[in-house]
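Peer 1: Give me a 3D structure for the following:
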Amino acid sequence: MIGNTVIKLNAVDVYQQKHLVLSNVNLQIDKGEFVFLIGQTGSGKSSLLKIIYGDLHIHSGEGNVAGFDLKKLAEKDVPYLRRKLGIVFQDFQLLTDRTIEHNLEFVMRATGWKDKKLIAERSRDVLEKVGLRSKIKKMPHELSGGEQQRIVIARALLNDPEIILADEPTGNLDPDTSEEIVMLLRQISNSGTAVLMATHDYHIIRTFPSHIIKCEDGIVHNDARIV
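Peer 2: Predicted structure coming up:
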């Protein structure tokens, strides 16, 4: 990959099974860039994200994400790609039977961390970044929705990713909390991590103007505008 580009798709066709979802996708996202991904339900947003994190293969065109050639990406390489990515979902997906500390430890051990002291230090570090270091011993159900989503963002930062993929991260949150989450993601992008955020929330997009990509009628439109 050239320079600061962390996501590059060139003439990529996106399929779900044998169904063509998006055709001739051209996309470039650079280090530290904050990008909104919009489009109606079923327009291909999730499929595009799946291409980027290696859940769908590309059969035509070229793709490179965080230094990985998507065309040559073997099943065994996918976990290594995902260590370069932080993924934030709408529904948190925290493990409800353990503390925040052990949620973070679980992810780190699953991605190759072994040193207990380093694991503890990294957990405190990412919780500090999202303003929730004091919640390390809490259970997920003891936290508000906004706090849980901050924990999810902390979890996404554990392996110092080049890219954060956020799929409707404010979908279950009230407007004020949604703005706090987007401000946090903007801070993360300002520190050099690219952020691609799928959203339906046009209020958020108007409040935090940024580069917009739109999936519509099987096409990905770069530099889209909202009315």
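
Peer 1: Counting by contacts, list what the longest helix belonging to the chain packs against.
Peer 2: Longest among the helix segments of the chain by residue count, using DSSP state H, is helix 175-190. If contacts are counted by 3 or more CB pairs under 8 Å, 6 or more residues apart in numbering; DSSP states H and E, helix 175-190 sits against strand 34-38, helix 145-156, strand 163-167, strand 194-198, helix 202-207. Yep, even glycine has a C-beta here, placed from its N, CA and C like the rest.

Peer 1: and if we set it to 10 Å?
Peer 2: Under the contact definition 3 or more CB pairs under 10 Å, 6 or more residues apart in numbering; DSSP states H and E, helix 175-190 sits against strand 34-38, strand 85-88, helix 116-129, helix 145-156, strand 163-167, strand 194-198, helix 202-207.

Peer 1: Residue 180 is nearest to which of these?
Peer 2: Counting by CB to CB, residue 180 lies closest to helix 145-156 out of those; the figure is 6.2 Å.

Peer 1: Residue 156 and residue 48, how far apart?
Peer 2: Distance check for residue 156 against residue 48: by CB to CB, to the nearest Å, it reads 18 Å.

Peer 1: for residue 200, that is, sorry about that
Peer 2: Separation of residue 200 from residue 48 (CB to CB): 15 Å.

Peer 1: Same drill for the two, tell me which one is more crowded.
Peer 2: A direct count of neighbours by other CB atoms under 10 Å for residue 200 and residue 48 places residue 48 higher, at 25 against 14.

Peer 1: residue contacts, that one?
Peer 2: Residue 48 is in contact with 9, 12, 14, 21-22, 25, 27, 37, 39, 56, 165, 196, 198, 213, 215, 220, counting by CB atoms under 10 Å, 6 or more residues apart in numbering.
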